[in-house]
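Participant: let me see the structure of the following:
(2 chains)
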Amino acid sequence: MFTKEQQLIASKIHEFCAANELPPAELKWHPIPFSGEWGFSTSFFQVAANEARAGKGNKIPVPKRAQEIAEQVKSQIGSVEGIGHIEAVSGYLNVYFKTSDYATRVVDEVLNAGADFGRGAQKSETVMVEYAQPNTHHSFHIGHARNTILGEALARLVQFAGYETIRASYPGDLGLGVITVMWIYEKFYKGQEPAGVHERGQWLAKLYVEATALLEKQENEIPEQTAQREAYDVERREMYRKWDEGDAEVRELWRTTREWSLEELREVLHMLDVKMDVWFYESEVDEPSKAIVDELIAKDIATDERPQGGAVIVKIDEKLGLTKEKYRTNVLLRSDGTTLYLTKDLALAKVKFEQYHVDRSIYVVDVRQSLHLQQAFAILKLWGFKQAEKCYHLGYGFVSLPEGAMSARRGRVVLFKDVADEAVRRVLAVEAEKSADIPADEREKVAYQIGMGALIYSMLSVDNNKDIVFDINEALSFDGRTAPYIQNAYVRANSILKKSKVENRKSGDLQPLTFDYDLTNHEIELIEKLSRFPQTVEQAANEYRPLVMAAYVYDLANAFHSFYHAVNVLQTEDEKIKHARLMLVMAAKQVIENALRLLGIQAPEVM
RNA sequence: GCUCCCGUAGCUCAAUGGAUAGAGCAACUGCCUUCUAAGCAGUAGGUUGUGGGUUCGAGCCCCGCCGGGAGCGCCA
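Facilitator: Sure thing, here's the model as predicted:
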């Protein structure tokens, strides 16, 4: 936001170094970590260290020499337009802005840009973010929720940072797990269909648990049980075979039950405010992936061991000429000719590159699949796709329960829908106590915004690589470092503006905006936070880390709450100061809203 | 055996190689006649697992060790 001044100072420093034959060093700018005034700083330790290394050492210790240089630079620079003063302290050069100019500039820019404040310049690259890849015929649990929440926040950040962004979902709609559900449905539940999108989807998950129990070897089986189980398994395999050869009846059953799951998935995505651009399905890349295997064999990337009764494999390390094992070997085609996950991912990547012209491809997938994705990327490279370099696996730690890992086949899962419902119930209970003034018809909506916000924030305020042990009381906490705390800051800002009758800039634009008075530390702190939003967007998008934005918006809300408590805006006597403060409140409200939006969290007007 | 991730306050987690390692929860003190107390102000809590190394400077980078987790040819 203040790059112009920074560049000017930087060029003066470079001039100084050149004139004094000081070895150049990269200038790294930091905010000054003290409150009360704003500015940016850089240090001269590197310059001093380089000088000492070059043997020009007057044998002065580096920190002392850095301070000398800082002082010399300071006197060399003199005065700069818009800069209040400059100081040299313990090896750092601190450049301070003129308080009033700075405050005016920040608030003015926020209000002018509005919802676009912080948006990055349009980039030429197209980025695809693939997330929300649950299996059909199961139900959407809290682990899927982490994936989807993370993927959506990332997509929003990358898009806002200026990249052409494509959101892609990739449900797993085939395989033995899917067939297992179809088998038990056909055998014991044919014709049944619970009412309600979620109920129906969850019912399929229950069937899966039941089927698994019937098909799994039990301890101390008596011969009859063994025979029964094996007979069931034969039926299931037969169904798989029929599905594979396109049997009309089995396909119809598959389409119907698959649609039940997809309907539930679409509903869940709607709940999370996710709008997918592209839907890929495993079933659609299954056939094409077989042709790819042939191509890879012909190119001598894959090795066909079928004549020896084996599978089609890729010896990745060998083909890449690596001597140490890294990517190892993996299978592309089972010995019976059917495809695997890896095979389909190759086919999918080809579609992404060739049909969607994706320059960069981000896979939001559980960290446990890291090796598989690295293998896929390596094979894409061998295959000749240069975009393989820009395939990135955004892994995240898995979500488990206090009693251990979730298991769809055992039915030991926490369903997203159940957590979402519980979230709303809990907020409604708090509202009943604290927010009697919210109209009845708005209550439910606000409760949803807050409850879902709490859940989303709890998922995003932990770094990607960290595992989460899901505790509903922690996830749905409304105190402290949570979405409701941030939303509450937004609501308080909104409340001030409503009472002031200055709800948008136009209605309050009768007076010029000026911060030409003694700002309190709370105001300074708040404005400082506002000014950092654009670079936070950039950092979070570049590092693929929604956490950076989640941490930022908490800090911003925290600064607002402190300001709110210490400075009574509406009771400010001086009209000019009151106006400036109202504009600051408006700016804070705007930036909180922008930041929450990037996380996929809504900002309620009241709570 | 090989690869990857983690180890920071009692607990859950932060901290682009830079100035004084920060939050929340839990505990304790204050603050609602004042723009929403889902809040604010404060107290207490640290040998950043450990031993070396690189660097002017290391929680962060490199190597070893200890402890925890994950993955490794026909699951996804």
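Participant: quick one: the helices in the stretch 301-450 of chain A?
Facilitator: Using DSSP state H, counting those that start in this stretch, the helices of the stretch 301-450 of chain A run over residues A:316-320, A:341-355, A:370-383, A:416-434, A:440-460.
Participant: show me what the longest one is packed against.
Facilitator: Contact analysis of helix A:440-460 by 3 or more Cβ pairs under 8 Å, 6 or more residues apart in numbering; DSSP states H and E lists helix A:142-160, helix A:416-434, helix A:472-475, helix A:483-500, helix A:546-566, helix A:575-599 as its packing neighbours. Bear in mind the C-beta positions are built from the backbone N, C-alpha and C, glycine included.
Participant: for the fifth one, buried residues please.
Facilitator: Applying a neighbour-count criterion of 16 or more other Cβ atoms under 10 Å, one finds A:546-554, A:556-564 buried in helix A:546-566.
Participant: cool, the second one as well?
Facilitator: For helix A:416-434, the buried set under the neighbour-count rule, 16+ other Cβ under 10 Å, comprises A:416-420, A:422-424, A:426-428, A:431.
Participant: now do the SS call for the residue nearest to residue A:410 when sequence neighbours are not counted.
Facilitator: In this structure, residue A:410 finds its nearest non-sequential neighbour in residue A:209, 6.6 Å apart by Cβ to Cβ, 6 or more residues apart in numbering. Put simply, residue A:209 is helix when judged by DSSP: H, G, I helix; E, B strand; the rest coil.
Participant: got a list of what residue A:209 touches?
Facilitator: A:408-411 (Cβ atoms under 8 Å, 6 or more residues apart in numbering).
Participant: among those, who's most crowded?
Facilitator: Ranked by the number of neighbours (other Cβ atoms under 10 Å), the contacts of residue A:209 place residue A:408 first, at 19 neighbours.
Participant: please report how far the nearest residue to that one once chain neighbours are set aside lies from RNA strand B.
Facilitator: The shortest distance from residue A:408 to any non-neighbouring residue, by Cβ to Cβ, 6+ apart, is to residue A:138 (5.1 Å). Distance of residue A:138 to RNA strand B, computed by Cβ to the nearest atom of the strand, to the nearest Å: 10 Å.
Participant: surely residue A:138 forms part of a strand?
Facilitator: No: Residue A:138 is assigned coil when assessed by three-state DSSP, not a strand.
Participant: report pLDDT for it.
Facilitator: Looking at residue A:138, its pLDDT stands at 92.
Participant: also residue A:507?
Facilitator: pLDDT, residue A:507: 65.
Participant: ok, now which ones touch residue A:376?
Facilitator: A:342, A:345-346, A:349, A:391.
Participant: would you convert those residues into a markdown table that also reports neighbour count and pLDDT?
Facilitator: Shown next, in a markdown table, are those (neighbours: other Cβ atoms under 10 Å; pLDDT from 0 to 100):
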| residue | neighbour count | pLDDT |
| --- | --- | --- |
| A:342 | 18 | 96 |
| A:345 | 25 | 97 |
| A:346 | 24 | 97 |
| A:349 | 25 | 97 |
| A:391 | 23 | 95 |
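Participant: which of those residues lies closest to RNA strand B?
Facilitator: residue A:342 (7.1 Å; Cβ to the nearest atom of the strand).
Participant: ok, the closest one - contacts?
Facilitator: A:330-332, A:372, A:375-376, A:379.
Participant: RNA strand B contacts on the stretch 251-400 of chain A?
Facilitator: Proximity of the stretch 251-400 of chain A to RNA strand B (Cβ under 7 Å from any atom of the strand) is limited to residues A:282, A:310-311, A:313, A:315, A:324-326, A:328-331, A:334-336, A:338, A:340-341, A:367-372, A:397.
Participant: stretch A:521-535 near RNA strand B at all?
Facilitator: No: using Cβ under 7 Å from any atom of the strand, stretch A:521-535 stays clear of RNA strand B, coming no nearer than 7.8 Å.
Participant: quick check: mean pLDDT of that stretch?
Facilitator: Confidence for stretch A:521-535, expressed as mean pLDDT, is 94.
Participant: buried residues in it?
Facilitator: So stretch A:521-535, judged by 16+ other Cβ under 10 Å, has buried residues A:522-534.
Participant: including pLDDT, could the contacts of residue A:209 go into TSV?
Facilitator: Shown next, in TSV, are the contacts of residue A:209 (pLDDT from 0 to 100):
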residue	pLDDT
A:408	89
A:409	89
A:410	89
A:411	90
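Participant: ok, these vs residue A:459, which is closest?
Facilitator: Proximity of those to residue A:459 (Cβ to Cβ) peaks at residue A:408, which lies at 19.5 Å.
Participant: quick check: the closest one vs residue A:139, distance?
Facilitator: Residue A:408 sits at a distance of 8 Å from residue A:139 (criterion: Cβ to Cβ, to the nearest Å).
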